[in-house]
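A.B. asks: Based on what follows, work out the 3D shape:
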Amino acid sequence: MATVTQMAVPTAALLWLLSWRLPHHTLELVTAAALAAFAVFVSYWTLWHVRRRFLNASVEARGKSVLITELWAVVANAGVPSLGYIEWQPMSRIQYVFQVNTFGVVRVARAFLPLMRKTPGSRLVIVTSLLGRMSMPASMTYCMSKHASTSLADALRRQYYDRGVHVSTVEPGAYRTPMANHDTMAETLRNDLSLLPPRVRSGISDHSLGSLRKSSDTLYSSIMRDDSQEAVDVMKSAVRDLIPKAYYRAGGLKDILLRRLYEVAPAEVTDEVVHMIRKVARAARRKA
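C.D. replies: Residues are numbered from 1 along each chain as shown. Next up is the predicted model:
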C-alpha cells in the first residue's frame, strides 16, 4: 500500500510533464496502462478487505474438549530497550540487544516452524514495534534490531504463503511498561558509557548526554500510552483470526501519523520532520 502511494504522486507528475512532448496516441497508451494497473490494485485491496469483513471470525475453543496433538500458534514476544547513539554504546550492548530482540526470534522460529507445518492454519506471531518500521537516533540499536525482526517476519510470511502457516507481526507503539522506564534506560546508558575507551568517552560531553536524555524523555513521554492491554488484544486477534493480517498495530493517533509519515513521505521530508520534532522536544524540556 505504501509503495503504491509513494509511486502514484511522482508518476502522475511525470506523466503530466511528458504529456507536453509525447505523441497523443502514446500518452493514451501510457495512461491506459497506468489506469489498468491501478484498477487491479484497487480491486485486490477491496476484495481482501471485503473478505476479512464478512468471512473473518475468531477461533473459539471454549466449551470444547480437545486432545492437543498439534501446535496452533506461537507468539515471539521478547524485547529489551536501548537508549543512546551507536557510538555511545559498547559492542557488548549492541550485541545483547540483537541477541534478545532479533536472534531470540530467529531461535523461536527455527524451533517451532517444523511443528507448525504439520497444522494447517497455524500462525507464528512476531511482536516487533512501531520502531521496526521507522528509525529514531536516540533508539538506534533498538530500531535496527526490530527492523531485522520485521524483515524476518515478512520473508517467512512469503516463504509459507501457500504452505499453511500464517506469519504476522504485532507492531505496538510506545506504552508505559517497566521495560520502557526512562530512568532505567538512562542508568543503562551511564553504565555503557563507563565501558567505552577513554578516547571515545572524552568526546561525549555532559551537556550532550543531558540533552539526549531530556529530549528523548520528552519525546517518548508525549506519545506513550497507558493501556498496554491494547497491545495484548491485538496479539489475541493475531492468534485467533481465521484470516490473519500481515501486520497488526496498536497505538493512538500519534502513532498512526508517524507511520503515515514514514510510509508516504520521501526520506528527505521525513528527515526534516524528525529533525524538527527533536528540536521541539529539546526546547520543551529546557522550558520545563
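
A.B. asks: The closest residue to Met134 other than its chain neighbours: how many residues sit nearby?
C.D. replies: Nearest residue to Met134, sequence neighbours excluded (CB to CB, 6 or more residues apart in numbering): Tyr262, at 4.4 Å. For glycine as for every other residue, the C-beta is placed from the backbone atoms N, C-alpha and C. Using other CB atoms under 10 Å, Tyr262 has 17 neighbouring residues.

A.B. asks: again, but for Thr150
C.D. replies: Thr150 has 21 nearby residues by other CB under 10 Å.

A.B. asks: Now it. Nearest residue, chain neighbours left out?
C.D. replies: By the measure of CB to CB, 6+ apart, the closest residue to Thr150 outside its immediate chain neighbours is Gly132, 4.0 Å from it.

A.B. asks: My read is that that neighbour contacts Thr169, right?
C.D. replies: Yes - between Gly132 and Thr169 there is a contact under CB atoms under 8 Å: 7.3 Å.

A.B. asks: Could you give the backbone dihedrals for Ser122?
C.D. replies: phi -70, psi 160 (degrees, to the nearest 10).

A.B. asks: Please name the bridge partners of it.
C.D. replies: Val165 (DSSP bridges).

A.B. asks: What distance do you get for it to Trp88?
C.D. replies: Ser122 sits at a distance of 42 Å from Trp88 (criterion: CB to CB, to the nearest Å).

A.B. asks: Could you do Gly104 as well?
C.D. replies: 24 Å.

A.B. asks: Show me which of these two is the more surrounded one.
C.D. replies: For Gly104 versus Trp88, neighbours defined as other CB under 10 Å are more numerous around Trp88 (21 against 18).

A.B. asks: Local confidence estimate at the more buried one?
C.D. replies: With respect to pLDDT, Trp88 has a value of 93.

A.B. asks: How many residues are close by Met144?
C.D. replies: Met144 has 19 nearby residues by other CB under 10 Å.

A.B. asks: what do you get for Lys214?
C.D. replies: Lys214 has 17 neighbours, counted by other CB under 10 Å.

A.B. asks: hang on, it packs against Arg278?
C.D. replies: No - assessed by CB under 8 Å, Lys214 is found out of contact with Arg278, at 11.2 Å.

A.B. asks: re earlier: which ones are touching the residue nearest to Thr150?
C.D. replies: Residues near Gly132 by CB atoms under 8 Å, 6 or more residues apart in numbering: 143, 146-147, 149-150, 169, 171.

A.B. asks: Let's see which of the residues you listed end up in helices.
C.D. replies: 143, 146-147, 149-150 (DSSP state H).

A.B. asks: With pLDDT added, can I get these in CSV?
C.D. replies: Below are the ones in helices among the contacts of Gly132 laid out as CSV (pLDDT from 0 to 100):
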residue, pLDDT
Cys143, 95
Lys146, 97
His147, 97
Ser149, 97
Thr150, 97
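
A.B. asks: Could you point out which of those is nearest to Phe112?
C.D. replies: Ser149 (15.3 Å; CB to CB).

A.B. asks: Please report how far that closest one lies from Arg282.
C.D. replies: Note on Ser149: its distance to Arg282, by CB to CB, is 30 Å.

A.B. asks: Could you do Met224 as well?
C.D. replies: Noted for Met224: a distance of 18 Å to Arg282, by CB to CB.

A.B. asks: Val106 now?
C.D. replies: 37 Å.

A.B. asks: do the same with Asp233
C.D. replies: Distance from Asp233 to Arg282, by CB to CB: 35 Å.

A.B. asks: More neighbours: the two, which one.
C.D. replies: Arg282 (16 against 13).
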